[in-house]
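Sequence and predicted structure, then a few things I'm wondering about:
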Amino acid sequence: MNMAQPLIQVHDLAQSFADRTIFSHVNFSIPQGAMVSLVGANGSGKTTLTRILLGILKPTSGTVQTDGGGHLTVGYVPQFRNLDRDYPLSVRSFVQLNQIARPWPWHTAAEKRALTHILTETRLTGLAKTPLGMTSGGEKQRAYLAQALVNDPRLLILDEPTASLDVAVKHELIGLVRELNQKQGLTVLFVTHDLPMAREYTDRYLLLQGGQMTTGPASALRDDLIAD
Amino acid sequence: MFQLEFMCNAWVASTFIALTCGVIGVFVIARNLSFLAHTLSEIGFAGASFGVFTGLAPLDGMLLFTMISAVAVGEMSTEQSRREAAIAAISSLFMGLGILFLSLANKSASYATNILFGSIIGISVGEVWQLVGLSLFMLAVMFFAYRYLAFDSFDGIGARVQHLPKHLLSVLFLLLLAISVSISAQIVGSLLVFVLLTLPASSARYLVHTVPRMLLVSVGLALVGVWGGLALGYYTNWPVTFFIATIEVVVYLATLLYARVTQGD
Ligand SMILES: Nc1ncnc2c1ncn2[C@@H]1O[C@H](COP(=O)(O)OP(=O)(O)OP(=O)(O)O)[C@@H](O)[C@H]1O
Ligand SMILES: [Mg+2]
């Protein structure tokens, strides 16, 4: 791993559905260890772009280059995940689902340590045995975050994780992510509508608007930048 | 009651059926496939009748029909509502075919009753061995795909992001389900396979909250049902299937009540 090399470099990316172009000529890079926000109005293509970065959507044209050229482990907290109140797995078991280095049921000591560690980091230890369906919205987001992090990804993508959270809880969640970013050098892409949050917690912004992308330092994100 | 050879056969067979159904049921519930499980058992009925008509063993006819259908369903559109409508149509067709094959084979109505509602007298030693072999095969495959199946079943979105081969897992799972449905119909009958596939697992999810524990509880409840059913059937001469269904339903209702009381909703 070469630290001077960006973790992800995107060249001339374009995405259309049928004959509707969502965005084109998108160029940007995400430096290793940076926390970058991706902002833009509803429907501007933020989720679509994250799906391309994850490799679950093939772009219409353009390339995504990763550091080392190979497959990148990415942790992802999706925008929607409809778990009902009956969802039976405990927080711990839900997080554990993403430990898939081996197929059989029992987990190695190292895997158990990693699980305990991530539950501590995300302050879920006290909730580990609670069924996920019964936890609050903020606790669910922390469980999703823990699951995304448990296999030690090089990039974390959060798609509007704070949309349904109150002010205190949303600062707690993103503050936690920022801490991991600064302490452990975790690279983060934070998709959000919330410009003050992006200003406060990220280094740079990526703005999707009118099918084009612009970038700059997060401190330059002005509220009138997004024409809704 | 174990002096009778057919009771021994039935006991071994139902033990492995409970193991199989208890395990796969947990994933059936997590994947929201109860309805499909029910349809597969009706398709199994048609398969068994087809076997009788053509001279195949009923179990082989069931395996043939259910496995082909499993692959077909796996290739169908994954949109839930559209899929359910298509599955409902297919299942009516197969019930009709089942009746047709039986009538062509000149079999009496009691034969149909055996396939639909199960019979513990009919099962031979050879069939028991085939059943045990299929059950062990199914459990072995589950073992070597366990974490992938668990992830995909309990968090499909997460599994897609981690690039698990969802389509392959889905077809594999449906094939395992087809095998489970076919072997279980031997004792409990096509119409009530559904009971063993869904009720123990549904109860388990209210009682425990990790996948391995859900598997244990689900298998345990399935065993209670089949063992209890066999014993009660033996001493009362009432149909075993009646007792199995009753035990599983009572347990299920009790866990619902328990969940309501302990969780206050
Ligand atoms: N698979 C698809 N087929 C057709 N159109 C699609 C598809 N996926 C997304 N779109 C369209 O692409 C546009 C961008 O969608 P996307 O979900 O990326 O927006 P977003 O920026 O994430 O919006 P929001 O802030 O509401 O989450 C939308 O107009 C959407 O309808
Ligand atoms: Mg979105």
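Noted; the coordinates are in hand. Ligands and ions are numbered 1, 2, ... in the order given.

tell me the centre residue of chain B?
Centroid-nearest residue in chain B, with Cα atoms, centre = their mean: B:Val181, separated by 3.7 Å.

Then chain A?
In chain A, the C-alpha nearest the mean C-alpha coordinate belongs to A:Ile157, at 1.6 Å (Cα atoms, centre = their mean).

Could you look up the SS state of that one?
Put simply, A:Ile157 is strand when judged by DSSP: H, G, I helix; E, B strand; the rest coil.

Could you measure from A:Thr116 over to A:Pro103?
Distance from A:Thr116 to A:Pro103, counting by Cβ to Cβ, to the nearest Å: 22 Å. For every residue, glycine as well, the C-beta is placed using N, CA and C.

Show me what the strand or helix carrying B:Arg260 is packed up against.
Secondary structure assignment for B:Arg260, by DSSP states H and E: helix B:240-263. Applying 3 or more Cβ pairs under 8 Å, 6 or more residues apart in numbering or on different chains; DSSP states H and E, we find helix B:240-263 packed against helix B:166-188, helix B:190-207, helix B:211-236.

what's the angle from it to helix B:190-207?
For helix B:240-263 against helix B:190-207, the angle by axes from the mean of the first three to the mean of the last three Cα atoms, to 10 degrees is 20 degrees.

CA atoms of the longest helix seen in chain A as CSV?
In chain A, assigned by DSSP state H, the helix with the most residues is helix A:167-184. Only the C-alpha atoms of helix A:167-184 are listed here, as CSV (Å, rounded to 0.1, in the frame of the first residue of the first chain):
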residue,chain,number,x,y,z
VAL,A,167,-29.4,16.0,16.5
ALA,A,168,-27.6,14.5,19.5
VAL,A,169,-27.7,11.0,18.1
LYS,A,170,-26.5,12.0,14.6
HIS,A,171,-23.5,13.8,16.1
GLU,A,172,-22.7,10.8,18.3
LEU,A,173,-22.8,8.5,15.2
ILE,A,174,-20.7,10.6,12.9
GLY,A,175,-18.4,11.7,15.7
LEU,A,176,-17.7,8.0,16.2
VAL,A,177,-16.9,7.6,12.5
ARG,A,178,-14.7,10.6,12.6
GLU,A,179,-12.8,9.2,15.6
LEU,A,180,-12.2,5.9,13.7
ASN,A,181,-11.1,8.0,10.7
GLN,A,182,-8.6,10.0,12.7
LYS,A,183,-7.4,7.3,15.1
GLN,A,184,-7.1,4.4,12.7
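
Any buried residues in that helix, and which?
Across helix A:167-184, burial judged by 16 or more other Cβ atoms under 10 Å in any protein chain shown covers A:Val169, A:Lys170, A:His171, A:Leu173, A:Ile174, A:Leu176, A:Val177, A:Arg178, A:Leu180, A:Asn181.

list the helices and strands it packs on?
Short answer (3+ Cβ pairs under 8 Å, 6+ apart): helix A:167-184 packs on strand A:35-40, helix A:137-149, strand A:155-159, strand A:187-191, helix A:195-201.

export those to TSV and tack on mean pLDDT and distance to B:Asn9?
Supplementary listing: those in TSV, determined by pLDDT from 0 to 100; distance: least, Cβ to Cβ, whole Å:
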stretch	mean pLDDT	distance to B:Asn9
strand A:35-40	96	64
helix A:137-149	94	46
strand A:155-159	96	56
strand A:187-191	97	60
helix A:195-201	94	67
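
and of those, who's closest to B:Gln162?
helix A:137-149 (9.7 Å; Cβ to Cβ).

In chain A, mark out all the strands, start to finish.
Secondary structure of chain A by DSSP state E: the strands cover A:8-17, A:20-30, A:35-40, A:61-66, A:74-77, A:155-159, A:187-191, A:204-209, A:212-217.

nearest to chain B, of those?
strand A:74-77 (4.4 Å; Cβ to the nearest Cβ).

B:Gly158 is in contact with A:Ile56, correct?
No: contact criterion Cβ atoms under 8 Å: A:Ile56 and B:Gly158 do not qualify, at 11.9 Å.

which of those two has more neighbours?
Neighbour count, other Cβ atoms under 10 Å in any protein chain shown: between A:Ile56 and B:Gly158, B:Gly158 has more, with 23 against 12.

packing partners for the helix or strand encompassing the more buried one?
Using DSSP H and E, the element containing B:Gly158 is helix B:156-161. Judged by 3+ Cβ pairs under 8 Å, 6+ apart, the packing partners of helix B:156-161 are strand A:74-77, helix B:146-154, helix B:166-188.

could I get it in CSV with only the CA atoms?
Taking C-alpha atoms only, helix B:156-161 is exported to CSV below (Å, rounded to 0.1, in the frame of the first residue of the first chain):
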residue,chain,number,x,y,z
GLY,B,156,-29.6,-9.8,1.9
ILE,B,157,-28.5,-6.3,1.4
GLY,B,158,-25.3,-6.8,3.4
ALA,B,159,-24.6,-10.0,1.5
ARG,B,160,-24.9,-8.3,-1.9
VAL,B,161,-22.5,-5.5,-0.9
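
Residues in contact with it: which ones?
Applying Cβ atoms under 8 Å, 6 or more residues apart in numbering or on different chains, the contact partners of helix B:156-161 are A:54, A:56, A:74, A:76, A:78, A:81, A:97-98, A:147, B:148, B:151-152, B:166, B:169.

so B:Ser69 sits in a helix?
Yes: looking at B:Ser69 with three-state DSSP, it is inside a helix.

and the closest residue to it other than its chain neighbours, helix, strand or coil?
Closest residue in space to B:Ser69, ignoring its immediate chain neighbours: B:Ile43 at 4.9 Å, by Cβ to Cβ, 6 or more residues apart in numbering or on different chains. Classification of B:Ile43 using three-state DSSP returns helix.

Would you mind listing what in chain B touches chain A?
By Cβ under 8 Å from any Cβ of the partner chain, the residues of chain B that approach chain A are B:143-148, B:150-151, B:154-155, B:157-164, B:205-206, B:209-212, B:214, B:263, B:265.

Using neighbour counts, trim those residues to the buried set.
Neighbour-count burial (16+ other Cβ under 10 Å) is assigned, among the residues of chain B next to chain A, to B:145-148, B:150-151, B:154-155, B:158-162, B:164, B:205-206, B:209-211, B:214.

Extract the CA atoms of stretch A:118-128 and return them as PDB.
The C-alpha coordinates for stretch A:118-128 follow below in PDB (Å, rounded to 0.1, in the frame of the first residue of the first chain):
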ATOM      1  CA  ILE A 118     -15.800  -3.600  17.100                       C
ATOM      2  CA  LEU A 119     -18.800  -3.800  19.500                       C
ATOM      3  CA  THR A 120     -16.700  -1.900  22.000                       C
ATOM      4  CA  GLU A 121     -15.700   0.700  19.500                       C
ATOM      5  CA  THR A 122     -19.200   1.300  18.400                       C
ATOM      6  CA  ARG A 123     -20.400   1.300  22.100                       C
ATOM      7  CA  LEU A 124     -22.800  -1.600  21.500                       C
ATOM      8  CA  THR A 125     -21.400  -3.900  24.200                       C
ATOM      9  CA  GLY A 126     -24.400  -3.300  26.500                       C
ATOM     10  CA  LEU A 127     -26.800  -4.000  23.600                       C
ATOM     11  CA  ALA A 128     -25.000  -7.000  22.200                       C
END
